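In: sequence plus predicted model, see below.
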Amino acid sequence: MRLSTKGRYAVMAMADLGCYAQARPVTLADIAERQEISLSYLEQLFGKLRKGGLVRSVRGPGGGYFLARSTDQIRISDIILAVDEPIQATRCTPTSPAGCHNDKGRCLTHDLWEELSNQIYLYLSSVSLSAVCEGRILGTSGMFHSSFNTPLMINAAE
């Protein structure tokens, strides 16, 4: 499964907004510059984020965007789903009873990929925007990735 730029950029932009929109609204031009994201792309994303109730805009001079809720009330899954990014590892159409085979059957590994999708959703639902903004994403990802390159050592005395 691969998260598209739409989902990644939306999370990056929302984290930027969460960090910088304290006393005054933040312009999309400022976010675009700091995050190195196209301004026109951000305009599209923020239209969806506004419709999803995650941001609110202020028009006129000194205008820009604020978060519609506090960072601890916004989940990463909320952001990704607001920009129409499916959290799905199967190749089947979401919510369809039909499988990915030509005969509409499910492949042998359908349940495996479906459960992976569920686990990804659960993880992204467990992470708040405040955790991202404050650098509180903890885990063993660094240890996990490096363990693949370490040979398994078996104690011969056992």
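Out: Great, that's in hand. Numbers count the residues shown, from 1 in each chain.

In: where do the helices sit along the protein?
Out: Ranges of helices in the chain, per DSSP state H, are 5-20, 28-35, 39-51, 76-82, 110-126, 129-133, 141-147.

In: show me where pLDDT drops low in this structure?
Out: Flagging of the chain using pLDDT under 70 yields the residue ranges 1-3, 91-101, 104, 139-158.

In: for residue 48, give me its contacts.
Out: With contact set as CB atoms under 8 Å, 6 or more residues apart in numbering, residue 48 has these partners: 10, 82, 83, 84. Quick note: C-beta positions are derived from backbone N, CA and C, even for glycine.

In: and the gap between it and residue 78?
Out: As judged by CB to CB, to the nearest Å, residue 48 and residue 78 stand 12 Å apart.

In: leaving out the residues flanking it, which one is nearest to residue 66?
Out: With CB to CB, 6 or more residues apart in numbering as the criterion, residue 66 has its nearest non-adjacent residue at 5.0 Å, and that residue is residue 21.

In: correction: residue 50
Out: Nearest to residue 50 is residue 57, by CB to CB, 6+ apart, at 6.3 Å.

In: wait, that neighbour sits on residue 64?
Out: Yes - between residue 57 and residue 64 there is a contact at 7.3 Å, judged by CB atoms under 8 Å.

In: comparing the two, which residue is more hemmed in?
Out: More crowded of residue 57 and residue 64, by other CB atoms under 10 Å: residue 64, with 20 against 15.

In: partners of that one in the sheet?
Out: Note on residue 64: beta-bridge partners residue 58, judged by DSSP bridges.
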